[in-house]
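Trainee: Dropping the sequence and predicted coords here.
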Amino acid sequence: MIWLTEDPAPILVLGTLTAILLGAIWLQSGHRALLYSAIVVILLTAGGFLIERWIVTPREEIAETMQQIARDVESNDVSLMVKHLHSTLAALRERASQEMSSHDFHDVKIKRNLRMVVFDDETPARATAEFNVVVIVSDRSGMFQNRRVPRFMQVTFLREDGAWRVSDYHHSDPRDGLLKKRDAPHEQY
C-alpha cells in the first residue's frame, strides 16, 4: 500500500468518482444522508490528498536527491556534487571529482525509465536506482563542445545521517536501460 503515499491519483480519482456518484444519487432521490455522505467523501479525499503530500517515502527522498545531484552536476561545482557521496568512500569521491573536473556539464536530464528498489531492512538502509540520463556536455580540453550524451546509470545509495548518499555508480550504453526494462521486473517510480 506504499503506492498510496507516492501517488495522489488513486485517492483523487476514487474520492471524486464516489462523491459524484453519491451527489447524482442524492439529486435523484433527495435523501439527505446521501448528500452528507458525499460531503464526507469530499472531506476524506481532501484529507487523504494532504496526508499523501505530507508523507515522504524513501523512494521520494531518493528521487529528490537524484534531481538535486543533477542540478549540482549542471552547476559544475565539484564541492556541491561530492556532498551527495557517502563520506567514507574516498575512492568514489576521487573518481567523481575527476570525471567532473574534465567536463563542463550544461544540461542533465533524468529520463522517465527510473527503476528503484529500497532495502529498508538493511543497516544502513540501501537503495538501488537504474535510469537513463541525457547530458549536454563539453570536454574541457576542447575536443568536443555541447555534445548530447545519453547514458544508462546504475546508482547505489546508503542512508547516512538521515540523508541518502551515493555509495557507488556506473554508467554505460543507454541501450542497457532498455534491455534491463524487459529483463527485470523492478518497481518503477
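Mentor: In hand now; what should we look at? Numbers count the residues shown, from 1 in each chain.

Trainee: Low-confidence regions, the protein specifically.
Mentor: 1-5, 179-189 (pLDDT under 70).

Trainee: number of nearby residues for Leu22?
Mentor: Leu22 has 20 neighbours, counted by other Cβ atoms under 10 Å. No exception for glycine: its C-beta is placed from N, CA and C like everyone else's.

Trainee: I'd guessed it sits against Ser37; true?
Mentor: Yes - Leu22 is in contact with Ser37 according to Cβ atoms under 8 Å; the separation is 5.1 Å.

Trainee: shared neighbours of the two, which are they?
Mentor: When Cβ atoms under 8 Å, 6 or more residues apart in numbering defines a contact, no residue borders Leu22 and Ser37 alike.

Trainee: Which residue, other than its chain neighbours, is closest to His103?
Mentor: In space, and not counting its chain neighbours, His103 is closest to Val137: 5.0 Å by Cβ to Cβ, 6 or more residues apart in numbering.

Trainee: Tell me which residue lies nearest the centroid of this structure.
Mentor: Geometric centre of the chain, nearest residue: Ala63, 2.4 Å, by Cα atoms, centre = their mean.

Trainee: what's the following helix or strand after the host helix or strand of it?
Mentor: Here Ala63 sits within helix 58-74, counting by DSSP states H and E. Next in sequence after helix 58-74, counting helices and strands by DSSP H and E, comes helix 78-82.
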